[in-house]
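*Asks:* structure for the following, please:
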Amino acid sequence: MSKIARKSVVCTLIAVLIFSVAVVGFVACNKKSDVQGEIVITDMIGREVAVTPGSYKRVVCIGAGALRMYSYIGDVSLLAGIEDIDNTTLANRPKMFDAAARPYQLANKAVFDAIENSCGVGGPQAQAAEAEKILACNPDIVISEYEDVEKENALQAQLGVPVVTLRYGANGVFDENVKNSFTMLGKIFGKEEKATALNAFIAEQTKLISDRTANVAEADKKSVYICGLGNWGTTNHLMTAQNYAPFNVAHIKNAVSGLATDGIQAIEEEKFVALGANIDIMIVDAAAVKNIKPLYKEDDTMFDDIKAWQNGEVYLEMAYNAYYTNLEIALINTWYIAKVAYPTLFADIDMTEKTNEVTRAFLGKDLASDIFACGNSFGGYQKINTETFFA
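*Replies:* Okay, the predicted model is just below:
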């Protein structure tokens with residue numbers, strides 16, 4: 001073969017090789033993979049956890065509020081097990097929240113009730129993960145709200161799958177921990193767009209409330225007392241907070257001040273009575289009604305020193321805390337509190353419409369009628385009839 005011929009063959013082979021590589025490279029770059037590569041994330045308690053975004057098919061959520069947060073972002077059809085507290089078909093389970101509105105449960109009741117595997121009892125008394133029950137669910141990932149680094153690491157080692165911890169934070173729906181938890185869930189489950197949209201919605205709603213009330217003069221603000229915050233089982237008319245996030249967002253004048261610490265806490269009865277003459281408006285969280293009623297039955301004069309009670313300015317908000325924080329209700333409550341404190345500025349806000357708008361953003365469904373129909377919602381947002389409501 002001549003030099004020219006050999007050169008021609010070599011050139012042809014090289015050309016074919018280059019073309020082949022180019023074709024393979026093109027196909028590889030444009031092939032859509034259902035499973036992304038493994039990455040390392042830092043969860044909400046600072047643990048580094050290796051996850052494979054978008055790959056999970058069997059999800060388990062454990063601890064107060066974990067399933068709620070997952071329901072906002074993730075696909076509930078992927079749940080491989082559920083805590084007994086969220087499966088209403090079970091006779092022997094924690095039932096203390098059955099009459100309370102938990103929108104994530106209302107929206108997904110049929111799905112939750114159809115899940116046969118239990119990943120634990122759940123409820124306020126469940127202070128530790130039940131590893132054997134979780135293992136029986138055969139999960140490929142666990143979403144947890146048990147905020148203990150050592151225990152979470154031990155659980156992950158025992159299960160052999162990622163255990164990722166969420167966090168709510170002290171300011172509930174307005175807390176950066178909530179925003180970051182949503183973002184993390186979006187990353188893990190390939191739901192970045194949904195997480196971004198929900199975070200944007202919360203930010204928008206917060207700004208709308210804040211902007212409407214930002215220019216109200218201090219002298220024109222009414223003094224508002226809120227009660228019924230905190231733990232479902234023990235909260236009452238004395239459980240309040242001096243630095244309450246919804247009040248801060250809506251520029252509400254808080255009747256409570258001068259406490260040694262911030263955060264939800266019980267004040268003394270004497271302090272409550274002393275505040276009475278300066279309480280223009282009283283907001284009662286629905287969670288407190290069951291505990292206030294027997295107290296009122298014993299002493300129906302217990303609110304006589306409260307100006308708001310005497311003037312009929314007592315209002316009911318929906319229970320925001322039921323197996324941890326109902327984040328959508330916390331946001332809706334903020335609209336309601338603002339509407340009560342500044343009726344003229346919020347005259348256009350219909351609470352049924354606003355409730356549906358918010359639950360659509362969080363859970364994709366209009367849930368106002370379901371929320372208001374729950375026994376411990378007492379029919380929904382309302383001005384309380386002080387002569388009959390607690391009687």
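*Asks:* neighbouring contacts of stretch 90-106?
*Replies:* For stretch 90-106, the external contacting residues (Cβ atoms under 8 Å, 6 or more residues apart in numbering) are 67-68, 71-72, 84-88, 112, 121-125, 232-233, 286-287, 318-319, 322-323, 326, 328-329, 359, 362-363, 367, 370-372, 374-377. Every C-beta, even on glycine, is put in place using the N, C-alpha and C of the backbone.
*Asks:* and the residue positioned nearest the centre of the chain, what does it touch?
*Replies:* In the chain, the centroid-proximal residue (Cα atoms, centre = their mean) is residue 327; its distance is 3.6 Å. Applying Cβ under 8 Å, 6+ apart to residue 327 gives the contacts 68, 69, 72, 168, 172, 173, 178, 362.
*Asks:* how about the residue nearest to residue 303 when sequence neighbours are not counted, what does it touch?
*Replies:* Leaving out its chain neighbours, the residue that sits closest to residue 303 by Cβ to Cβ, 6 or more residues apart in numbering is residue 309, at 4.0 Å. When contacts are counted by Cβ under 8 Å, 6+ apart, residue 309 touches 282, 303, 386.
*Asks:* same question for residue 46.
*Replies:* Residue 46 is in contact with residue 149, counting by Cβ under 8 Å, 6+ apart.
*Asks:* secondary structure class for it?
*Replies:* coil (DSSP: H, G, I helix; E, B strand; the rest coil).
*Asks:* and it, how close does it get to residue 86?
*Replies:* 28 Å (Cβ to Cβ, to the nearest Å).
*Asks:* go on, residue 311?
*Replies:* Residue 311 is 41 Å from residue 86, by Cβ to Cβ.
*Asks:* same check on residue 348?
*Replies:* As judged by Cβ to Cβ, residue 348 and residue 86 stand 36 Å apart.
*Asks:* ok, now residue 158?
*Replies:* 23 Å.
*Asks:* if you count surrounding residues, which of those two has more?
*Replies:* More crowded of residue 158 and residue 86, by other Cβ atoms under 10 Å: residue 86, with 26 against 14.
*Asks:* for that one, list the residues it contacts.
*Replies:* Residue 86 neighbours (Cβ under 8 Å, 6+ apart): 67, 105, 112, 122.
*Asks:* flag the shaky bits of the chain, pLDDT-wise.
*Replies:* Regions of the chain meeting the criterion pLDDT under 70 cover residues 1-36.
*Asks:* if you go through it in chain order, where are the helices?
*Replies:* 3-30, 66-73, 103-113, 131-136, 149-159, 176-188, 192-213, 245-249, 269-275, 289-298, 307-310, 327-341, 351-363, 368-373 (DSSP state H).
*Asks:* how about those helices in JSON lines, adding distance to residue 39?
*Replies:* Formatted as JSON lines, the helices of the chain follow (distance: least, Cβ to Cβ, whole Å):
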{"stretch": "helix 3-30", "distance to residue 39": "20"}
{"stretch": "helix 66-73", "distance to residue 39": "17"}
{"stretch": "helix 103-113", "distance to residue 39": "27"}
{"stretch": "helix 131-136", "distance to residue 39": "23"}
{"stretch": "helix 149-159", "distance to residue 39": "16"}
{"stretch": "helix 176-188", "distance to residue 39": "8"}
{"stretch": "helix 192-213", "distance to residue 39": "13"}
{"stretch": "helix 245-249", "distance to residue 39": "32"}
{"stretch": "helix 269-275", "distance to residue 39": "51"}
{"stretch": "helix 289-298", "distance to residue 39": "46"}
{"stretch": "helix 307-310", "distance to residue 39": "53"}
{"stretch": "helix 327-341", "distance to residue 39": "26"}
{"stretch": "helix 351-363", "distance to residue 39": "27"}
{"stretch": "helix 368-373", "distance to residue 39": "38"}
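*Asks:* of those helices, which is nearest residue 263?
*Replies:* helix 245-249 (10.9 Å; Cβ to Cβ).
*Asks:* between the helices of the chain, which one is nearest to residue 57?
*Replies:* Taking Cβ to Cβ, helix 176-188 is the member of the helices of the chain nearest to residue 57, at 12.8 Å.
*Asks:* just the CA atoms of the closest one, as PDB, please.
*Replies:* C-alpha atoms of helix 176-188 as PDB (Å, rounded to 0.1, in the frame of the first residue of the first chain):
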ATOM      1  CA  GLU A 176     -35.500  30.900  58.900                       C
ATOM      2  CA  ASN A 177     -35.400  27.300  60.100                       C
ATOM      3  CA  VAL A 178     -38.700  26.600  58.400                       C
ATOM      4  CA  LYS A 179     -37.500  28.200  55.200                       C
ATOM      5  CA  ASN A 180     -34.300  26.200  55.200                       C
ATOM      6  CA  SER A 181     -36.100  23.000  56.000                       C
ATOM      7  CA  PHE A 182     -38.400  23.500  53.000                       C
ATOM      8  CA  THR A 183     -35.400  24.200  50.800                       C
ATOM      9  CA  MET A 184     -33.600  21.100  52.100                       C
ATOM     10  CA  LEU A 185     -36.700  18.900  51.500                       C
ATOM     11  CA  GLY A 186     -37.000  20.300  48.000                       C
ATOM     12  CA  LYS A 187     -33.400  19.400  47.200                       C
ATOM     13  CA  ILE A 188     -33.700  15.900  48.600                       C
END
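*Asks:* what's that helix packed up against?
*Replies:* strand 39-42, helix 66-73, helix 192-213 (3 or more Cβ pairs under 8 Å, 6 or more residues apart in numbering; DSSP states H and E).
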